[in-house]
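1. Need coordinates for the below:
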Amino acid sequence: MVLFPNCKINLGLHIVGKRSDGFHDLETIFYPLPLYDALEVVHIKDSATTLHVTGITIDAHAEDNICMKAYRLLQQTHQLPAVQIHLHKNIPSGAGLGGGSADGAFMLQLLNKKFALGLSSEQLMELSLQLGSDCPFFIYNQPCFALGRGEQMQPVTLNLSAYTIILVNPKIHINTGWAFAQLQPNRQHNNLLQVAQQPVETWRADMTNDFEVPVFAAYPEIAKIKETLYNAGAAYASMTGTGSTVFALFDKNTTPAFHFPLYYFVQTLVHAES
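-> Next up, the predicted model:
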C-alpha cells in the first residue's frame, strides 16, 4: 500500500504561552499544499521490520525515523506483522513544511487501513500527537486555525484559487528547539483567524510569524528570500513554521521574475483545495 504525505505551510504563527509540560501554546493557520513524499508499506513474513529511505538524505538512524516510531507506537497496542517501509523524501527537512510530521501521521493512517485496525480519526489524532505537535494536522489535513500545541483545530474557509504558491528553501536546517528558545511568549497579537478572513493583500501588514525575527537575525539570507519575493510582486510572503522555507502567493495570471542560487529548493505549486 502506498500513500503520499503532503506538506503544509503556516500562513501565520504566534507563540502565546509556555505550558507546564514543557511545550508551547501557539496560534496558527495551517494550510496543506500539494508537495509530496511517497510512503509504501509491504507485509513481509519471517523477517524484521525495516525502513529504506530514498530521495532527500535524512541523517538519522532508522529507529529514530518518525515512520518507524509510528509503527512502534501502534505495535504497543496492536498485533502488527513485520513490514518493509519505503519512504521517498521529496519535502525538505528542517524547513518548516512539516514533512516529517506528515510522514508520521500518514504512517499511522496507512497501518490503520492496511491492517484494518479500526481506529477513528479522533484516535489517530491522539496517537499522532505523541509523535509531534504538527502531526494531528495531517490527520485532519484541511485549512484550519489551530491552538494548543496545534492539536485544537477549527476549520477555516480559505479560497486561494486565484494564486500560485511558490516555495523557496535555501537548504538551511533550522533546529526547532533553538528557534523556540529564542522567543518569549506574547499574547498581544492580531487575531489570526480574523486576519485570515481579510483580503490577502492585507496580510502583509496583519499576518505575522513570530519566528521570523530571530531566524532572520541569525540567517539574513532567509530574510533576503522574503524581500526578493515581495520585490517580484508577491501579494503575501512569509516564512513557514520555524523556517527555513519562505512561501509567497502570486496572482496566477502573472509570471513573477526572480533569481535564486541554483542550489536552493524552489517549487511552484497550484493552490491546494480550499
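
2. in the protein, which spans are strands?
-> Secondary structure of the chain by DSSP state E: the strands cover 2-3, 6-18, 24-36, 38-43, 50-55, 83-89, 144-147, 152-155, 163-169, 236-239, 246-251, 265-269.

3. For the closest residue to V215 other than its chain neighbours, give me phi and psi.
-> Distances taken as CB to CB, 6 or more residues apart in numbering put G243 closest to V215, at 4.6 Å, once the chain neighbours are dropped. For the C-beta atoms, the positions are set from N, CA and C on the backbone; glycine is no exception. Main-chain torsions, G243, degrees, to the nearest 10: phi 90, psi 180.

4. which residues touch G243?
-> A95, G96, I172, I174, A179, F211, E212, V215, Y219, I222 (CB atoms under 8 Å, 6 or more residues apart in numbering).

5. count of neighbours near the third one?
-> So the one you mean is I172. 17 (other CB atoms under 10 Å).

6. Next one: the nearest residue to it once chain neighbours are set aside, what pLDDT does it get?
-> Leaving aside its chain neighbours, I172 sits nearest to S244 (4.2 Å; criterion: CB to CB, 6+ apart). Here the pLDDT value assigned to S244 is 96.

7. looking at it, S244 is touching N175, isn't it?
-> No: assessed by CB atoms under 8 Å, S244 is found out of contact with N175, at 10.6 Å.

8. So those two - more neighbours on which side?
-> S244 (26 against 10).

9. Pull out the buried residues from stretch 21-41.
-> Across stretch 21-41, burial judged by 16 or more other CB atoms under 10 Å covers 24-33, 35-39, 41.

10. do stretch 47-62 as well
-> For stretch 47-62, by 16+ other CB under 10 Å, it's T49, L51, V53, I56, I58.

11. For stretch 73-85, measure first residue to last.
-> From its first residue to its last, stretch 73-85 covers 15 Å (CA to CA, to the nearest Å).

12. how much space between the residue nearest to I172 and V270?
-> Counting by CB to CB, to the nearest Å, the separation of S244 from V270 is 23 Å.

13. quick revisit: which of the buried residues of stretch 47-62 sit farthest apart?
-> Spatially, the most separated pair among those is T49 and I56, at 22.3 Å (CB to CB).
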